[in-house]
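> Output the structure for:
(3 chains)
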Amino acid sequence: MNRIARLAVPLTALTLAAVGCSPAGTDAGSSGAGGKKEITFLTFETPNLDAAYWDAAIARAEAKVPGLKVKKLVAPSTDRTGYAKQLLASGQFPDVMISVSPVGFAESGQMAPWTDKELAQYTFPHSNPIGGKVYQLPYNTQPTPLVYYSKKLFAEADITAPPRTYQELLDDSAKLKSKGIDPFVVGGGGKDTFASSYLWTALVGTDVYKQTPDWMAQRRAGKVAFNDAGFKGATDKFVQLVKKGYVDKAGLSRDYANTEKAFLGGKGAMYPMGTWFATAGDKSAMKDDIGVFAFPTDDGSLSVPSYTGGGMSVSAKSKNLKEAKEFALAFQQDKANLDAVVKSDGAIIAMKGYTPPAGMGPVYDATVKVYDAAVQAKGVTNAFLVETGDDALLPGLVEKSYALAQDVIAGRKDADAATKALDEDWKKAATQ
Amino acid sequence: MSLVKERAGIRTDAPPRTPPGTRRGALPRLWHFLGFGAPGLLVYACFVLAPIALSVGYSFTNANQFVPRTRFVGLDNYTRLLTDQEFLTALKVTTILTLIVVIVPNVLGLAVAVLLDRRGWFYNALRGVFFVPVVLSSVVVSVVWQAMLTDDGLVNTALRAMGVHSPPGWLSDPDIALYSVGFIISWQMLGFCAVVYLAGLQSVPQELHEAAAIDGAGPWLRFRKVTWPMLAPALTINTVMLLITGFKAYDHIQVLTGGGPGTGTTATLAFSVIQTGFTANRTGEASAMALLMLVIVAVVSSVALRFLQRREVDF
Amino acid sequence: MQDRQRTPWLRPVVALAVTAAFFLPLYLVLANVFKPGEDISGHPASLPWPPTLDNLSQALSRPDRLFWNGLINSVTITLLSIVLLTVLSAMLGHYLCRSRSRTARITMLVLLAGLMIPPQVILVPVTDILQLTGMMATLQGIVAFNVGYYVPFGVFVFSGFIRTIPLELEESASLDGAGRWRVFWQIVFPLLRPATASVLIFLGVWIWNDFLNPLIILGPAGGTTVTVGVYRAIGEHQQNYGQVFGLMFLAALPVLIFYIALQKHFVKGLTGGAVKG
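Numbering: from 1, shown residues only, chains lettered A, B, ... in the order given. Reported below is the predicted structural model:
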């Protein structure tokens, strides 16, 4: 013990000295080794976009900006927006971040807007604007959700073609159910609560946004409420699907990766999910058995909620704003990067002159076909809960909505209660 | 083993006699303070006391990362919280969880302690097994249990194999999830309680047992009249430890349920404070919530401590 | 006693069965760490035979060095924190125990109240203080916070033992002309060995296993600890239970070795008063 004591004193002194002398050794924005400028880049990892993908993609873009060193930060869960808020709250807001919803960040001046010149490359340069400005590079379009289904399970229930109207969807669900097949696979367990919300997003798309594209803007203006007939009606359809037993409640125990596994393992016939699922589908053994259709409307017209964005945002307070922007643009314009995200995340790139790599799988091809048809039929709407412009939900409400979707799936709230709760939360978020 | 009693928090020690140094002058006393007392107190003040003071300050404002200008709002945060359904639900959730976490490991830990209260390598090894979860991180424990309790996990697979058609959604059913979380925390803490009770049991003098046996007392009566009173200090240690564990439970909830399923099911106060402060970025409201929580923790812990210690003395 | 006379086999059998049931979840992890991925969902409960080290080597050779970086951080943070905590709380405990003043008593109470404070209550302002001092997202920052947050526990344990040390010992040494510093480190501190062991052991385990504090204070730029690393890996690899379990096993291994090596002291520490409360 005596020896320990003798050792401990100088050790203490040393550490105290270290604490005092080297403040913020790893702080963002400082000059990195060898006189290089260093920026931080917040990413997130999913089964599709793993560490190897990010490292390679960052290295390629980094090479295009001379004298720049990029430090990769990884959000500890797929909720990178929530994590970016946490980083902001603790003073570690990254210089560059990808696929973070700018709502709240933009209005409070935390994010730098992109100029028209910088956006010239993009097919829909003004997607999801906040105060008329775009804060997130709109580099890819993700229809969210489409309904992926197992052809084999459909055949087992004597369903010959995917449903085209909502009534057909109900009939098909009944058939599946009568054969003992769970119609819908949903998720949302553990930290991946978002995976509970896609049926709601689909129904708000077909029953609210299709008729009233600026519905959320009207909500912001206080002209409509969630508890009004239209939105409540859409929510009620969700509630009814649950009531009829078409939605597998056990999904609430599955996190995102396990939800995907459940569908691929034949736990249910239909899987409402964003198009990034296409890659996982193509990688699976049942790739030729997976079909896809747009969530049906009452009258059978095409409606596909979708979101264009998902790209880079830059902190307005970055010490190396110029380099950060250059890196972000280089990252998004690099053909190899885009190919990689198409291959690994099933992205539908929204940049002029881009063609996807050859040899994509059947699920991806089918997905693109549904989306293209919807574009042709002018059936593309915003995606409730995914949208990020200033006509999106108020900051903090998306997470509440996930919880409400879980309440609906668990059968604890009917349409009236869920929409009332959402109005209530809106009021709270607006006054805070 | 009487140490248990002495250390259980009863501070009835005789006042210390004049220590060396008090007779010296003011300057050496200052040096003494600077050398021995100040460093530890300084760090404590910086990272515990100052934050609490800051929290008090924030709690009277609408501080929010997304609202550029911070205003003084008086008691608004408090009055709103005390009528806010969500906060009250979180309070209820915390109460239920803490009750489970205090009762279950205490009861089962005592049972295990009685069961393993024998000497020899065999019982030693078994004791060792029960203590393993205590030294594991809550994240690891939660991932293990999530793998067990998810719908495709081992428990429900086994139940289905036994012919149960729709086994419970341990983590997905809003009525069950909280109890599952409570059970998992209890599983982790069980070994702790068992080991503390075992130490207590082994401090019971054999003669007392024998005397009682001669008086014709059966095993149950002997346990109630001889053993149980001797375990009072162990009960104090366990209960206070479990109270704190229950109140601050966060890791398990984050990994197992993310505060869900749905609203108001497993989001405890500790969880809501972090959500409000770091995800919704409402620093002011989170601070008020944190301070209310602090008051509750302080009141409950000190009442429990006082009650348990009085009980120790009574026996 | 009774059971020894009638059914001597009953207790060991019941004890073994109960322990086995309790251990089942841990067995699953252990077994599946050494099992190829496809067997994990197919035969989760089967014995890992023949065992494979693939999961471990996968976890160890991740291109982003998640485990190795985490390990370096965890070891640094834990060691620095517990050494500092031992030194500071032993001295502070001694100072407060041997001081008769009213202020010292009140200080002791304020300090012990800190035992009850959940970290969530102070984490928001703590990040402000760390930013102010430039220690946010640094190892120094998390170590400094750990020291501040856990110092009440250290003082609690040490003061319990210090009270049992006769004052005469210190008095006679100081009469011999030894300074206060020498008296403490050469005479008192060696006698505090059991308390030191408790403090090192418990705080070592707690700090190693901390999740929320490093998640927020260390942030992403400072790198993760192994515990936060496990949490991060479950998002990416949940489908690949083999690798998650492998990582968990590796993260828990140091604490387990520590525990098995010091098992006796753990129990002593618990029963010797080294318990939050």
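> Near chain C, which residues of the stretch 151-300 of chain B are found?
Listed as neighbours of chain C in the stretch 151-300 of chain B under the rule CB under 8 Å from any CB of the partner chain: B:152, B:154, B:157, B:187, B:190, B:192, B:195-196, B:199-200, B:209, B:213, B:219, B:236-237, B:240-241, B:244, B:247-248, B:250-251, B:254-255, B:270, B:273-274, B:277-278, B:283, B:286-287, B:290-291, B:293-294, B:297-298. Heads up, the C-betas are built off the backbone N, CA and C, glycines and all.
> Spit out the contact partners of the nearest residue to C:Phe258 once chain neighbours are set aside.
Excluding the flanking residues, the one nearest C:Phe258 by CB to CB, 6 or more residues apart in numbering or on different chains is C:Gly204, at 6.8 Å. By CB atoms under 8 Å, 6 or more residues apart in numbering or on different chains, C:Gly204 lies in contact with C:78, C:82, C:258.
> what about the residue in the stretch 251-400 of chain A that chain C sits nearest to, neighbour count?
Nearest residue of the stretch 251-400 of chain A to chain C: A:Ala257, at 3.7 Å (CB to the nearest CB). Residues lying near A:Ala257 (other CB atoms under 10 Å in any protein chain shown) number 23.
> again, but for A:Lys369
The number of residues near A:Lys369, taken as other CB under 10 Å, comes to 11.
> and it, helix, strand or coil?
What DSSP: H, G, I helix; E, B strand; the rest coil gives for A:Lys369 is helix.
> what's the distance between it and A:Ala221?
Per CB to CB, to the nearest Å, A:Lys369 is found 37 Å from A:Ala221.
> now A:Lys37
On the measure of CB to CB, A:Lys37 and A:Ala221 end up 43 Å apart.
> Quick check, pLDDT for B:Lys5.
Reported pLDDT at B:Lys5 in the predicted model: 37.
> one step back: neighbour-wise, which of A:Lys37 and A:Ala221 wins?
Between A:Lys37 and A:Ala221, counted using other CB under 10 Å, the more crowded position is A:Lys37 (21 against 10).
> Count the residues that sit near the nearest residue to that one once chain neighbours are set aside.
Excluding its sequence neighbours, the residue lying closest to A:Lys37 (CB to CB, 6+ apart) is A:Asn320, at 4.8 Å. Applying other CB under 10 Å, we find 23 residues neighbouring A:Asn320.
> From chain B, how far off is A:Asn320?
Separation of A:Asn320 from chain B (CB to the nearest CB, to the nearest Å): 22 Å.
> One more: C:Ala252?
Counting by CB to the nearest CB - C:Ala252 and chain B are separated by 5 Å.
> Show me what counts as buried in the helix or strand harbouring that residue.
Assigned by DSSP states H and E, C:Ala252 belongs to helix C:241-261. Using 16 or more other CB atoms under 10 Å in any protein chain shown as the test for burial, helix C:241-261 gives C:241-252, C:254-255, C:258-259.
> who does it touch, helix- and strand-wise?
Helix C:241-261 sits against helix B:121-135, helix B:138-149, helix C:10-33, helix C:37-42, helix C:54-60, helix C:66-98, helix C:193-209, helix C:226-237, with contacts defined as 3 or more CB pairs under 8 Å, 6 or more residues apart in numbering or on different chains; DSSP states H and E.
> Apply 6 Å and report the result again.
helix C:10-33, helix C:37-42, helix C:54-60, helix C:226-237 (3 or more CB pairs under 6 Å, 6 or more residues apart in numbering or on different chains; DSSP states H and E).
> mean pLDDT for these: which is lowest?
With a mean of 66, helix C:37-42 has the lowest mean pLDDT of the helices and strands packed on helix C:241-261.
> So which residue is smack in the middle of the chain?
Went with chain A since none was named. With distances taken as CA atoms, centre = their mean, A:Val386 lies nearest the centre of chain A, 6.2 Å away.
> that answer is for a different chain, and I need it for chain B
B:Thr245 (2.0 Å).
> quick one, what contacts that residue?
Neighbour list for B:Thr245: B:Val101 [criterion: CB atoms under 6 Å, 6 or more residues apart in numbering or on different chains].
> Domains in the chain, by residue range?
No chain was given, so I picked chain A. Residue ranges for the domains of chain A, per automatic domain parsing: A:33-141+A:309-363, A:143-307+A:370-431.
> I was after chain B.
Split into domains by automatic domain parsing, chain B comes to B:21-48, B:60-314.
> Of all the ones you listed, which one is nearest A:Gly180?
In terms of CB to CB, the element of those nearest to A:Gly180 is domain B:60-314, at 10.7 Å.
> rewinding a little: looking at the helices and strands packed on helix C:241-261, which is buried most?
Across the helices and strands packed on helix C:241-261, averaging neighbours per residue (mean count of other CB atoms under 10 Å in any protein chain shown) puts helix C:226-237 on top, at a mean of 26.
> just checking, what packs against that one?
Here helix C:226-237 touches helix B:138-149, helix C:66-98, helix C:241-261, going by 3+ CB pairs under 6 Å, 6+ apart.
> Excluding its own residues, what touches it? List them.
Against helix C:226-237 from outside (CB under 6 Å, 6+ apart): A:45, A:50, A:76-78, B:137, B:139, B:143, C:66, C:70-71, C:74, C:209, C:211, C:214-215, C:243-244, C:247-248, C:251.
> Does C:Ser74 touch C:Leu218 like I think?
No - C:Ser74 is beyond contact range of C:Leu218, at 10.3 Å (criterion: CB atoms under 6 Å).
> what about the closest residue to chain B within the stretch 101-250 of chain A, distance to A:Lys267?
Using CB to the nearest CB, the single residue of the stretch 101-250 of chain A nearest to chain B is A:Ala250, 3.5 Å away. For A:Ala250, the distance to A:Lys267 equals 8 Å [CB to CB].
> go on, C:Leu112?
53 Å.
> Check A:Asp192 too.
Computed with CB to CB, the distance linking A:Asp192 and A:Lys267 is 17 Å.
> Those two - which one has more neighbours?
The neighbour comparison of A:Asp192 against A:Lys267 (other CB under 10 Å) goes to A:Asp192, with 25 against 22.
> Now the more buried one. Nearest residue, chain neighbours left out?
A:Tyr256 (4.0 Å).
> Isn't the one you found up against A:Gly190?
No - when contacts are counted by CB under 6 Å, A:Tyr256 is not listed as touching A:Gly190 (8.6 Å).
> Low-confidence stretches in chain C?
Within chain C, the set of residues satisfying pLDDT under 70 comprises C:1-6, C:37-44, C:221-222, C:235-240, C:267, C:269-277.
> Revised request: answer the last question for the stretch 201-315 of chain B.
In the stretch 201-315 of chain B (pLDDT under 70), the answer is B:314-315.
> Tell me which residue of it lies closest to chain A.
Closest point on the stretch 201-315 of chain B to chain A, by CB to the nearest CB, is B:Gly262, at 3.6 Å.
> surely that residue meets A:Gly411?
No - with contacts counted by CB under 6 Å, B:Gly262 stays clear of A:Gly411, the gap being 9.6 Å.
> Those two: who's more crowded?
Neighbour tally, B:Gly262 and A:Gly411, criterion other CB under 10 Å: the higher count belongs to B:Gly262, 29 against 16.
> residues in chain A within reach of chain B, list them.
A:82, A:85-86, A:88-89, A:104, A:108, A:190-191, A:193, A:250, A:252-254, A:395-396, A:403, A:406-407, A:410, A:412, A:432 (CB under 6 Å from any CB of the partner chain).
> Which members of those residues occur in helices, if any?
With helices defined by DSSP state H, the entries of these inside them are A:82, A:85-86, A:88-89, A:403, A:406-407.
> from those, which two are the most distant?
Spanning the widest gap among those are A:Leu88 and A:Asp407, at 28.7 Å by CB to CB.
> Among these two, which residue is more densely surrounded?
A:Asp407 (23 against 20).
> Nice, that's everything, thank you.
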